[in-house]
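S.K.: sharing a model prediction with you, sequence too.
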Amino acid sequence: MAAEVGQRGEDIAATYLENNGYGILDRNWNLHRGCELDIVAHRDGIVHIVEVKTRNDSEGISPELAINQEKIKHLVKATIAYKKQNLRSNIPCQIDSIAVILKEGNAHELRFYENICNLGTF
């Protein structure tokens, strides 16, 4: 059930990004357990590592609370590995977050937080 909720949230987030001018480079890229990049996107010469957190409205828990310092540390580690394997150097990268709250039916609420961690150019 949790995997289905997460997948639905990531699909909603990817559609949102595409509708707002982002190109999707990768989804669910995995360095190892705990170091997964949900969505890797680009727009205007910047690579966006997008962490997606999804919750059901009935849970009453804000998805944003799931992104803590430990999670950011894993995202940075995975981003560095992803960039070495897949991207040229000297391209700006940043970590963004999308919180998705699933409501009844197909309704949802989406909150996009840009640049929660700026990784600069490396």
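M.R.: Received the coordinates, thanks. Since the structure is predicted, the reported quantities are computational estimates derived from the model, not experimental observations.
S.K.: show me which strand runs longest in this structure.
M.R.: Looking across the chain with DSSP state E, the single longest strand is strand 108-121.
S.K.: now do that one, average pLDDT.
M.R.: For strand 108-121, the mean per-residue pLDDT is 94.
S.K.: just checking, what packs against that strand?
M.R.: helix 2-19, helix 69-86, strand 92-102 (3 or more Cβ pairs under 8 Å, 6 or more residues apart in numbering; DSSP states H and E). Quick note: C-beta positions are derived from backbone N, CA and C, even for glycine.
S.K.: and with 10 Å instead?
M.R.: helix 2-19, strand 46-56, helix 69-86, strand 92-102 (3 or more Cβ pairs under 10 Å, 6 or more residues apart in numbering; DSSP states H and E).
S.K.: how about TSV for these, with mean neighbour count and mean pLDDT added?
M.R.: Listed next are the helices and strands packed on strand 108-121 as TSV, based on neighbours: other Cβ atoms under 10 Å; pLDDT from 0 to 100:
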stretch	mean neighbour count	mean pLDDT
helix 2-19	16	95
strand 46-56	22	96
helix 69-86	15	92
strand 92-102	21	96
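S.K.: could these go into TSV alongside distance to Cys117?
M.R.: Output for the helices and strands packed on strand 108-121, formatted as TSV (distance: least, Cβ to Cβ, whole Å):
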stretch	distance to Cys117
helix 2-19	17
strand 46-56	8
helix 69-86	6
strand 92-102	4
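S.K.: for Leu31, find the nearest of the ones you listed.
M.R.: helix 69-86 (4.4 Å; Cβ to Cβ).
S.K.: residues contacting that closest one, please?
M.R.: The contact list for helix 69-86 (Cβ atoms under 10 Å, 6 or more residues apart in numbering) reads 25-26, 29-38, 40, 47, 49-51, 53, 67, 87, 89, 91, 93-95, 97, 116-117, 119, 122.
S.K.: try it again with 7 Å
M.R.: Residues outside helix 69-86 that contact it (Cβ atoms under 7 Å, 6 or more residues apart in numbering): 29, 31, 34-37, 40, 49, 51, 93, 95, 117, 119.
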